[in-house]
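**Student:** need coordinates for the below:
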Amino acid sequence: MEKKNILIFLDHDFIIRNFLYTKSLQKLEDYHNVKYVFPSSKTKRFSNVPNIDDTICIFSEINIKRDYLIKRLYHLISIKDLSKRDNKDKKIMSFFFKKALKKFFYFDSILAIPIIYRFSVLIYKLIIGYNKSLEKLITHNSTDLIIHPTVLNGHFAYDLVNISKKIKIPCFFLMNSWDNPSTKPFSGIKPTKYFVWGKQSYYHSLKYLNMNPSDIVIAGAAQFEIYKRNNKNSLISNNFNKPICFAGSSKGLNEISILEYLDNSKKIKRDIIYKPHPWKDFTKNEKNFNSMNFNKTSIYDKVIEEYNYYYYERNFNFDKSNIFNNKYLFNEISILVCPISTILLEAILNNIPVILYDPIIDSEQYSHQFIARTRIQYTEMFENLKPITASHLNELDEKINTLLNDEKVYLNYLGDLKSRISFFISFDNNVYSEKILDNIKSL
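**Tutor:** Next up is the predicted model:
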């Protein structure tokens with residue numbers, strides 16, 4: 001295979017965590033000349049450069065004012081794209097954008113009226129302009145291919161597809177998060193290829209992003225590559241008698257009150273391990289875990305420092321977070337109980353059955369949880385994965401008890417979950433970077 005000069009653009013802390021810290025792209029360096037491009041200074045999304053060889057790092061300046069205009073353009077396109085959605089999904093996403101954009105939602109709704117929209121987009125693009133300095137960086141490095149792991153609305157996405165089209169080189173976008181294809185738009189120009197998690201995100205890319213089927217690659221999730229070396233092919237589990245894990249989400253529930261209930265429940269006989277989300281959204285009066293006197297509940301020992309820092313600072317710190325923590329956690333637990341969160345997919349891939357706590361909530365009191373729970377990627381999860389679900393605490397402990405009282409029931413349920421998860425995540429023997437390499441060969 002002829003060596004190509006590849007630039008990989010990274011502009012978000014979470015993306016760096018998911019793609020670089022997992023070494024999911026490292027194999028590309030064995031076959032091609034790879035360099036990584038980062039913002040030249042800290043932004044709201046990007047805090048520091050990971051520890052990689054300086055010789056393959058390039059830095060690009062981000063114009064914050066221009067970046068803001070690009071985000072406004074993305075918001076306008078998102079409002080216009082509400083017309084692609086079915087009634088219930090359209091209502092939920094309208095609610096989501098009202099919460100996120102506030103007064104701009106109504107302004108953008110006017111600009112999104114068909115007769116006005118084309119002129120609105122044209123004016124935005126004229127004001128934003130073309131990024132000549134980024135094009136110069138790309139051409140100066142004799143770039144043959146652009147690769148961009150992205151949430152679709154970061155610092156680089158808008159410019160990379162425009163530059164790719166102008167200078168006639170391919171551009172690969174790599175999906176970062178579960179909701180990207182169903183909630184984020186392209187700026188009008190599409191990448192050459194879009195690498196997605198599984199069948200669900202493939203269908204979402206067709207419907208919401210208007211991608212051509214031949215331009216979508218089902219590749220799996222880069223951040224789940226760390227589990228392939230840990231994956232048990234057999235459903236024979238030695239985890240049945242281990243503790244229960246309650247894993248938190250980022251969605252703003254009072255998890256300490258949930259833990260209090262489970263800790264006091266006479267139906268639960270086993271120890272409970274609490275695994276908080278790395279960037280959890282604390283509720284207003286939520287207590288610190290360390291202030292509680294639990295009987296059978298402890299916090300996962302590998303995240304104590306991370307939790308304490310985040311509780312007081314409310315700021316995610318990469319130096320205190322290890323993406324491999326969950327890999328070790330799954331060896332120590334029997335089941336995972338959680339609100340809506342990506343960790344439920346991770347658990348099933350690691351042969352851990354899940355129980356979903358899906359409380360009936362007030363849309364104003366828990367707006368983050370309410371919106372997340374009703375967005376299309378999650379409603380399809382209920383329909384296709386069919387997890388055991390509890391909407392009240394007094395049925396949550398009962399369902400935990402039922403599942404852990406019979407190992408045969410436990411293993412049968414795990415088998416059902418594993419047979420259904422491929423709709424969401426492709427998890428075969430091929431590593432993530434090999435799927436990128438295969439598509440580079442076909443260029």
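
**Student:** which stretches of the stretch 201-350 of the chain form strands?
**Tutor:** 216-218, 244-247, 272-275, 297-299, 335-338 (DSSP state E, counting those that start in this stretch).

**Student:** out of the ones you listed, nearest to residue 201?
**Tutor:** Residue 201 lies closest to strand 216-218 among these, at 8.0 Å (CB to CB). Where C-beta positions appear, they are placed from N, C-alpha and C, glycine not excepted.

**Student:** counting contacts, what elements does that closest one pack onto?
**Tutor:** Contact partners of strand 216-218 among helices and strands, from 3 or more CB pairs under 8 Å, 6 or more residues apart in numbering; DSSP states H and E: strand 193-196, helix 199-209.

**Student:** that strand: partners in the sheet, and parallel or antiparallel?
**Tutor:** Paired neighbours of strand 216-218 in the sheet (DSSP bridges): strand 193-196 (parallel).

**Student:** which residues touch the partner strand?
**Tutor:** Strand 193-196 has contacts (CB atoms under 8 Å, 6 or more residues apart in numbering) with 170, 172-175, 181, 202, 204-205, 209, 211, 215-219, 435-436, 439.

**Student:** quick one: residue 339 and residue 417, what's the gap?
**Tutor:** Using CB to CB, to the nearest Å, we find residue 339 at a distance of 17 Å from residue 417.

**Student:** out of those two, which sits in the busier spot?
**Tutor:** residue 339 (26 against 21; other CB atoms under 10 Å).

**Student:** in three-state terms, label residue 134 for me.
**Tutor:** helix (DSSP: H, G, I helix; E, B strand; the rest coil).

**Student:** just the one 4 residues further on next, same as before
**Tutor:** Using three-state DSSP as the criterion, the local structure at residue 138 reads helix.

**Student:** and stretch 40-52, what's buried?
**Tutor:** Within stretch 40-52, the residues that count as buried by 16 or more other CB atoms under 10 Å are 43, 45-47, 49.

**Student:** same check, this time on stretch 263-271
**Tutor:** By 16+ other CB under 10 Å, the buried positions in stretch 263-271 come out as 263, 265, 268, 270-271.

**Student:** for stretch 426-443, same thing?
**Tutor:** Going by neighbour count (16+ other CB under 10 Å), the buried part of stretch 426-443 is 426-427, 431-433, 435-437, 439-440.

**Student:** just to revisit the earlier point, filter the contacts of strand 193-196 down to the buried ones and hand me the ChimeraX line.
**Tutor:** Command for ChimeraX that selects the buried part of the contacts of strand 193-196, burial taken from 16+ other CB under 10 Å:
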select :170,172,173,174,175,181,202,204,205,209,211,216,217,218,219,435,436,439
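
**Student:** make a markdown table from the strands of the stretch 201-350 of the chain and add mean pLDDT and distance to residue 158 to it.
**Tutor:** Putting the strands of the stretch 201-350 of the chain into a markdown table (pLDDT from 0 to 100; distance: least, CB to CB, whole Å) gives the following:
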| stretch | mean pLDDT | distance to residue 158 |
| --- | --- | --- |
| strand 216-218 | 97 | 20 |
| strand 244-247 | 96 | 35 |
| strand 272-275 | 96 | 36 |
| strand 297-299 | 95 | 41 |
| strand 335-338 | 96 | 34 |
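
**Student:** can you pull out the strands in the stretch 1-150 of the chain?
**Tutor:** Per DSSP E, counting those that start in this stretch, the stretch 1-150 of the chain carries strands over the ranges 5-9, 33-39, 57-60, 145-150.

**Student:** need the winner for burial among the ones you listed.
**Tutor:** strand 145-150 (a mean of 24; mean count of other CB atoms under 10 Å).

**Student:** re the thing from before, can you list the helices and strands packed on strand 216-218 in a markdown table and add mean pLDDT?
**Tutor:** As requested, those are exported to a markdown table (pLDDT from 0 to 100):
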| stretch | mean pLDDT |
| --- | --- |
| strand 193-196 | 98 |
| helix 199-209 | 95 |
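
**Student:** of these, flag the one that's most buried.
**Tutor:** Sort the helices and strands packed on strand 216-218 by mean neighbour count, taking mean count of other CB under 10 Å, and strand 193-196 sits at the top with a mean of 24.

**Student:** how far does it sit from the chain's center?
**Tutor:** Here the centre of strand 193-196 is set off from its chain's centre by 15 Å, with CA atoms, centre = their mean, to the nearest Å.

**Student:** quick one: the helices in the stretch 201-350 of the chain?
**Tutor:** 255-264, 304-313, 325-329, 343-349 (DSSP state H, counting those that start in this stretch).

**Student:** tell me the buried residues in the second one?
**Tutor:** Right, helix 304-313. Neighbour counts over helix 304-313 (16+ other CB under 10 Å) mark 306-307, 309-311 as buried.

**Student:** what helices or strands is that helix leaning on?
**Tutor:** Using 3+ CB pairs under 8 Å, 6+ apart: helix 304-313 touches no other helix or strand.

**Student:** for that helix, the averaged confidence score.
**Tutor:** Averaging pLDDT along helix 304-313 yields 83.

**Student:** try stretch 173-190
**Tutor:** In this model, stretch 173-190 has a mean pLDDT of 90.

**Student:** and that stretch, what's buried?
**Tutor:** Within stretch 173-190, the residues that count as buried by 16+ other CB under 10 Å are 173-187, 190.

**Student:** re earlier: adding mean pLDDT and distance to residue 156, write the strands of the stretch 1-150 of the chain out as JSON lines.
**Tutor:** JSON lines is the format used below for those (pLDDT from 0 to 100; distance: least, CB to CB, whole Å):
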{"stretch": "strand 5-9", "mean pLDDT": "97", "distance to residue 156": "4"}
{"stretch": "strand 33-39", "mean pLDDT": "96", "distance to residue 156": "8"}
{"stretch": "strand 57-60", "mean pLDDT": "94", "distance to residue 156": "8"}
{"stretch": "strand 145-150", "mean pLDDT": "98", "distance to residue 156": "6"}
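
**Student:** which one of the ones you listed lies closest to residue 80?
**Tutor:** Among those, strand 145-150 sits nearest to residue 80 (CB to CB), with 20.5 Å.

**Student:** quick check: next helix or strand after that closest one?
**Tutor:** Downstream of strand 145-150, the next assigned helix or strand under DSSP states H and E is helix 157-167.

**Student:** tell me how far the helix or strand just after that following helix is from the chain's mean position?
**Tutor:** Per DSSP H and E, the first helix or strand lying C-terminal to helix 157-167 is strand 171-175. How far strand 171-175 lies from its chain's middle: 15 Å, per CA atoms, centre = their mean.

**Student:** what is strand 171-175 packed up against?
**Tutor:** By 3+ CB pairs under 8 Å, 6+ apart, strand 171-175 packs against strand 145-150, helix 157-167, strand 193-196, helix 432-441.

**Student:** average model confidence for the longest one?
**Tutor:** Along helix 157-167, the predicted local confidence has a mean pLDDT of 97.

**Student:** buried residues of it, list them for me.
**Tutor:** By neighbour count with 16+ other CB under 10 Å, helix 157-167 contains the buried residues 157-164.
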